[in-house]
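*Asks:* predicted coordinates and the sequence they were generated for:
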Amino acid sequence: MLQLLVGTDIPFMKFRRMAYVFSGALLAITLFWFFTKGPKLSVDFTGGTLLQVRTSQPVHADALRKALEGAGLQAEIQQLTGEAADEYLIRFRTEGDPVAQVQDAVAKAMPGTTIELRRNETVGPKVGADLSRKATWAILASLGAILLYVGFRYEFKFALGGVLALFHDVLVTLGALMFTGREVSLTVIAALLTIAGYSINDTIVVFDRIRERSKALRKETHERAMDIAVNETLSRTIITAFTVFLAALALFVWGGDVLRDFSFAMLVGTVFGTYSSVYVASAIALDIWVALDRKQAPAAPTAKSSRS
């Protein structure tokens, strides 16, 4: 079996306070952005019509926007990149079939330029609202089910740390999507659920090692026991994360625009899922572990009682 970083003794838990500050800053920025601007939702959730078109010759997005506005059409236009640089996404917030209107508007404003339809999606507002509600419940239900499973399989301190790490990974990935202006679609929701499963898998490996070696680590401090468990699983964690990262990177580069947002979310989630298994899940579990032991420890005798 391939192994990397065998025999390491890195004091991960020594730096957990710095990690708390870093993660707290990321979450604060994400929540501020979420409540002030909000995520960019696709037509899957907002309802409307999405067209992906290709022009017969290079056209600037602003010129295409002016051509549609001249015909009385209000739409959001995004020019694709890479091999599809001559393709555009046109979003209409209303239902209908504006393909003919778009073709006529372009023909009048830019003679000699023709439009080829590549994709046409229409979602009604009621269907979009229903999909949005179901997507929210899907994420919350998955997190709740993971909390129950980890709580049943392990102790409460581990369950709480694991679930907080899941919230951390999902929110940070959502923040990266908002910051880069990417749309939140049904495929992105699938990526967020995949990230949750990947993150808890990494976390459970560390928790399993602590439980397996609980007797051998009983003489060690809680912080030292956690460091030993993380170091012993470090090779497996890095190999798994690197493999998933390469697969997501291949999708991001060669998967086309349809899978680009999904693969971007997977790239961010893989990095922060690996980070959170050490500095969110394990670190929080350690602090709860220490706090519970202090609460259960017998009180030290006072000076008066010792003299008596």
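*Replies:* That came through fine. Numbering: from 1, shown residues only.
*Asks:* helices along the stretch 201-308 of the chain, start to end?
*Replies:* With helices called from DSSP state H, counting those that start in this stretch, the stretch 201-308 of the chain shows them at 222-232, 234-254, 257-276, 283-296, 303-307.
*Asks:* what's the helix ranked longest in the chain packed up against?
*Replies:* As assigned by DSSP state H, the longest helix anywhere in the chain is helix 125-153. Where contact means 3 or more C-beta pairs under 8 Å, 6 or more residues apart in numbering; DSSP states H and E, helix 125-153 is packed against helix 43-46, helix 156-179, helix 186-212. (Each C-beta comes from the backbone N, C-alpha and C, glycine too.)
*Asks:* weakest of those in terms of mean pLDDT?
*Replies:* Mean pLDDT is lowest for helix 43-46 out of the helices and strands packed on helix 125-153, coming in at a mean of 75.
*Asks:* ok now that helix, how far from the chain's centre?
*Replies:* In terms of C-alpha atoms, centre = their mean, to the nearest Å, the centre of helix 43-46 is found 19 Å from the chain centre.
*Asks:* please export the alpha-carbon coordinates of that helix; PDB is fine.
*Replies:* The C-alpha trace of helix 43-46 is given here as PDB (Å, rounded to 0.1, in the frame of the first residue of the first chain):
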ATOM      1  CA  VAL A  43     -33.200  29.200 -13.400                       C
ATOM      2  CA  ASP A  44     -33.600  25.900 -11.600                       C
ATOM      3  CA  PHE A  45     -34.600  27.900  -8.500                       C
ATOM      4  CA  THR A  46     -35.700  31.300  -9.800                       C
END
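*Asks:* what's it in contact with?
*Replies:* Residues from elsewhere that reach helix 43-46, judged by C-beta atoms under 8 Å, 6 or more residues apart in numbering: 49-50, 91, 93, 121-123, 125, 128-129, 131-132, 135, 184-186.
*Asks:* most neighbours out of those, which is it?
*Replies:* V184 (23 neighbours; other C-beta atoms under 10 Å).
*Asks:* which residues does it contact?
*Replies:* V184 is in contact with 39-42, 45, 174, 177, counting by C-beta under 8 Å, 6+ apart.
*Asks:* the nearest residue in space to L80 that is not next to it in sequence bridge partners, please.
*Replies:* Nearest residue to L80, sequence neighbours excluded (C-beta to C-beta, 6 or more residues apart in numbering): E87, at 4.6 Å. Note on E87: beta-bridge partners by DSSP bridges are R54.
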